[in-house]
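Enquirer: okay, structure incoming, though there's no sequence with it:
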């Protein structure tokens, strides 16, 4: 968060955003106080309007009024200007070549051990990525081990995997009536549906407790039962409303994950609402339905060059869904705070589209061998667009560790749900 300058303009007052230098008029000057907060419509930067008169003596500023007034900068004493702290920015310093060497060694050891080294390889890669991710100049540290991931996988197989595979594959080994087979398949689907939210919560809990910054660890204190209720309720209303409720469900899920995450003894907060992403989601969903309907009609009617209409799916829907992803990422981070500081994301759909298009080209041209460089590109992009603006009192942050089960992490690996380094 930055500060905005007040300027005297005869009968009116102007505010200048220090980020983009845009000028705005103050409509109701009497409502302008030192606690005023606003957002620049041009660049989206949050700023605070500082009442310099309150911190100066009455003799230093002539024509003192009862309400805050707009005065020229030259009329302020030197100690009246309130300097806001510089934004704390994230960055990534890893190299694709180093990651490729690690990946080649990990693949060889995994093949030699018939897959057993996979968990140690995953912990090694994650330790490298975290150690090369910095925030405000200080790097993160990952404390998880391959042994923990392996034990978590065994627990997940015992508690979750065996019931699922037993129900889904029962018809392969047993002669069952059709209605019993259908019932078992439905039960297997319900069990799988239950696995996913359990994996999300517990994997996040494990990763937070194994991640530290400046020697202080993170933690996640959300209850699995509460997230299960949110998850089932969200999908129920999403199906009931034919997908319309999904932005609200996704925002509630993000709010649960963010607001139950702690750094030491200090909590993150989330103030977003589903209505903030409803318009981009509705536009994308309507465009998707329209393109799919057009392609279906062209193919059914056997129109000339009907196959060319299928190009609309990657050429139109691809950029649209990337645009929606960028809107959601930016909205979620811009409504996440830590103490009095607010996170800010500079993601734009153009830059995101360029990133994904470049990644796709690299993977296709190298037959997948460019995976390390794709990983580095993604990390540099997402870290480079994130910052924390506002005062952060790190002296108030105290270590508050709690152990977490690795079953959720093992379940995430078992089902390959892809919740690595999620927001």
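Expert: Yes, it's here. Owing to the predicted nature of the structure, the values given are computational and were not obtained by experimental measurement.
Enquirer: show me the helices in this structure, by range?
Expert: With helices called from DSSP state H, the chain shows them at 96-112, 118-131, 146-156, 162-168, 170-173, 178-209, 224-240, 246-259, 275-300, 312, 318-334, 349-365, 371-384, 407-415.
Enquirer: what's the most buried one of the ones you listed?
Expert: Across the helices of the chain, the average number of neighbours (mean count of other CB atoms under 10 Å) peaks for helix 407-415, which reaches a mean of 25. Where you see a C-beta, it was placed from the backbone N, CA and C, and this is true even at glycine.
Enquirer: ok so, going back, nearest to residue 268, of the helices of the chain?
Expert: Across the helices of the chain, the minimum distance to residue 268, taken as CB to CB, is reached by helix 246-259, at 5.3 Å.
Enquirer: counting neighbours, what do you get for residue 343?
Expert: 22 (other CB atoms under 10 Å).
Enquirer: quick revisit: show me the one of the helices of the chain that comes nearest residue 88.
Expert: helix 371-384 (12.1 Å).
Enquirer: quick one: closest of the helices of the chain to residue 391.
Expert: Nearest to residue 391, of the helices of the chain and by CB to CB, is helix 318-334 at 17.8 Å.
Enquirer: tell me what the closest one is packed against?
Expert: Judged by 3 or more CB pairs under 8 Å, 6 or more residues apart in numbering; DSSP states H and E, helix 318-334 is in contact with helix 246-259, helix 275-300, strand 341-345, helix 349-365.
Enquirer: switch those over to TSV; also include mean pLDDT.
Expert: As requested, the helices and strands packed on helix 318-334 are exported to TSV (pLDDT from 0 to 100):
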stretch	mean pLDDT
helix 246-259	95
helix 275-300	89
strand 341-345	92
helix 349-365	94
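Enquirer: quick revisit: JSON lines for the helices of the chain, including distance to residue 268?
Expert: Shown next, in JSON lines, are the helices of the chain (distance: least, CB to CB, whole Å):
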{"stretch": "helix 96-112", "distance to residue 268": "29"}
{"stretch": "helix 118-131", "distance to residue 268": "18"}
{"stretch": "helix 146-156", "distance to residue 268": "24"}
{"stretch": "helix 162-168", "distance to residue 268": "33"}
{"stretch": "helix 170-173", "distance to residue 268": "44"}
{"stretch": "helix 178-209", "distance to residue 268": "11"}
{"stretch": "helix 224-240", "distance to residue 268": "16"}
{"stretch": "helix 246-259", "distance to residue 268": "5"}
{"stretch": "helix 275-300", "distance to residue 268": "18"}
{"stretch": "helix 312", "distance to residue 268": "40"}
{"stretch": "helix 318-334", "distance to residue 268": "11"}
{"stretch": "helix 349-365", "distance to residue 268": "24"}
{"stretch": "helix 371-384", "distance to residue 268": "17"}
{"stretch": "helix 407-415", "distance to residue 268": "19"}
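Enquirer: great, nothing more from me.
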